[in-house]
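Asker: Got a sequence here, can you build the structure:
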Amino acid sequence: LLLGCELTANTKSYTFQVDEEDDSDHILALSVVCLTDGAKDECNVVEVVGRNHENQEIAVPVANLKLSCQPLLSLDNFKLQPPVTFRLAAGSGPVHLAGWHRIMHREDASFEEDDDLSDEAEEELAPIMPAKK
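Answerer: Model (predicted):
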């Protein structure tokens, strides 16, 4: 699934989250951050706000864009785990963020049970004897 959002002086943040009851694994990858039509020649700092391994909120700047010197930044599919917030920490934008969202469904229990049965069938086979010389 493709993701896109725009941060401006009026909309300074965008939060991407998934349903907490969803049993799938989600990956959000940020590909490009760029200034769009109407941007001023000022520093526009975009930061990602998430949670670390101790469940503390952390904010990390990922882009510092300026129309005259760096209007676009490729982040090479910078992978994040939702929920994550993109925030325009400085500048007035507009800044466009683009990326993709991948959903990986976990295997259900019935599939795992079938897999166990195939292991039992393999154990019943007679051992292979070495060839006689």
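Asker: Look up the closest residue to the residue nearest the centre of the chain, ignoring the ones flanking it.
Answerer: With distances taken as C-alpha atoms, centre = their mean, the residue of the chain nearest its centroid is Leu28 (1.6 Å). Computed as C-beta to C-beta, 6 or more residues apart in numbering, the closest residue to Leu28 that is not its neighbour in sequence is Leu80, at 4.7 Å. C-betas here are computed from N, CA, C, even on glycine.
Asker: What count of nearby residues applies to that neighbour?
Answerer: Neighbours of Leu80 under the rule other C-beta atoms under 10 Å: 18.
Asker: hang on, it packs against Arg51?
Answerer: No: checked against C-beta atoms under 8 Å, the pair Leu80 and Arg51 is beyond contact range at 10.9 Å.
Asker: does the residue nearest to the centre of the chain sit in a helix or strand, and which one?
Answerer: Per DSSP states H and E, Leu28 falls inside strand 25-35.
Asker: for Leu97, which residues make a bridge with it?
Answerer: Beta-bridge pairing for Leu97 (DSSP bridges): Cys5, Val33.
Asker: Roughly how far does it sit from Asn55?
Answerer: Distance from Leu97 to Asn55, counting by C-beta to C-beta, to the nearest Å: 25 Å.
Asker: quick one: which of these two has more around it?
Answerer: Leu97 (22 against 6).
Asker: And the more buried one, how close does it get to His105?
Answerer: Between Leu97 and His105 the computed distance is 26 Å (C-beta to C-beta).
Asker: before we move on, what about Asp19?
Answerer: Asp19 sits 14 Å away from His105, going by C-beta to C-beta.
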